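In: need a 3D model of the sequence below.
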Amino acid sequence: MKKQNITFVSYASKMLAEAEIRDFNYRLNSIRKALATKGEDTIEEFMAYQANPSHKRDKVLAECEAWMDASHCPDYLREENRQRAWHSLDNDFIAKIQSLINSLPFNLDDGDIIEIDGEWLLSEKVANAMFDKYAYTLTDEEMADFELYTQLVALATRLRAKNYYFDSKSLVPCDTTEQLAERMMAGKRATIEEMTERSRSLNL
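Out: I've put the predicted structure just below:
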């Protein structure tokens, strides 16, 4: 059975993911505070606005159309009634909520938001997914390199036990296999071919 390749999230990526989560939570609570001005600061209301920011206005306009049809409202009065229905809503509020929701990097599903002490936060499931998108898995070739690197660290550790200190900090053990793999990859330098391909992909 093939050994599973090591996967890790680098320290720099963890910092980036944490910053993205903080920013997302800040945006979420900006929406919560805006909804609170109308007494609508519930996760259920948020989900309704996310699905359709103008859902309440659409309902009023639909009711207006239904009423006009049922009452046989003449055509020359219909547009006036539509305008009255439109302006019966706080359209500035609707536009603000739509703008705030559009600022979110992606849509949320039921269960993606939790409430703690009145604050809205991303659920652990969503937060973990934001970390996982930065995960790196060693290739088969890099796994073979990791075996050599592990041996090198072990040999350096044995020599240090005999008071030999000629090795670098990169040749000391780590708490986890993932940390050791991250350290190895940090020491890898791109080849000329890899740098050329990266420049080409960035149109540099």
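
In: and the host helix or strand of Y76, what does it pack against?
Out: Y76 belongs to helix 75-87 when elements are defined using DSSP states H and E. Here helix 75-87 touches helix 55-70, going by 3 or more C-beta pairs under 8 Å, 6 or more residues apart in numbering; DSSP states H and E. Placement of C-beta: from N, CA and C, glycine included.

In: tell me the angle the helix holding Y76 makes with helix 55-70.
Out: Interaxial angle of helix 75-87 relative to helix 55-70 (axes from the mean of the first three to the mean of the last three C-alpha atoms, to 10 degrees): 160 degrees.

In: can you check what angle separates the helix or strand just after helix 75-87 from helix 55-70?
Out: Stepping forward along the backbone from helix 75-87, the first helix or strand reached (DSSP H and E) is helix 91-102. Here helix 91-102 points in a direction 130 degrees away from that of helix 55-70 (the same axes, to 10 degrees).

In: all strands for the chain, in order.
Out: Listed in chain order, the strands of the chain (DSSP state E) span 7-8, 113-116, 119-122, 136-137.

In: indicate which one of those is closest to Y164.
Out: strand 7-8 (29.3 Å; C-beta to C-beta).

In: beta partners for the spatially closest residue to I43 that is not a sequence neighbour?
Out: Distances taken as C-beta to C-beta, 6 or more residues apart in numbering place I113 nearest to I43, at 5.2 Å, with adjacent residues excluded. Using DSSP bridges, the bridge partners assigned to I113 are L122.

In: show me the one of the strands of the chain that comes nearest E20.
Out: Nearest of the strands of the chain (C-beta to C-beta): strand 119-122, 9.8 Å.

In: contacts for that closest one, please.
Out: 21, 24-25, 28-29, 31-32, 43, 46, 108, 112-115, 130 (C-beta atoms under 8 Å, 6 or more residues apart in numbering).

In: pLDDT at the closest residue to T177 other than its chain neighbours, what is it?
Out: Using C-beta to C-beta, 6+ apart and skipping the chain neighbours, the partner closest in space to T177 is I6 (6.0 Å). Predicted confidence (pLDDT) for I6: 94.

In: can you start the count at 15 instead of 1 from here on
Out: I'll keep to 15 as the first residue from here, and by that count the last item is I20.
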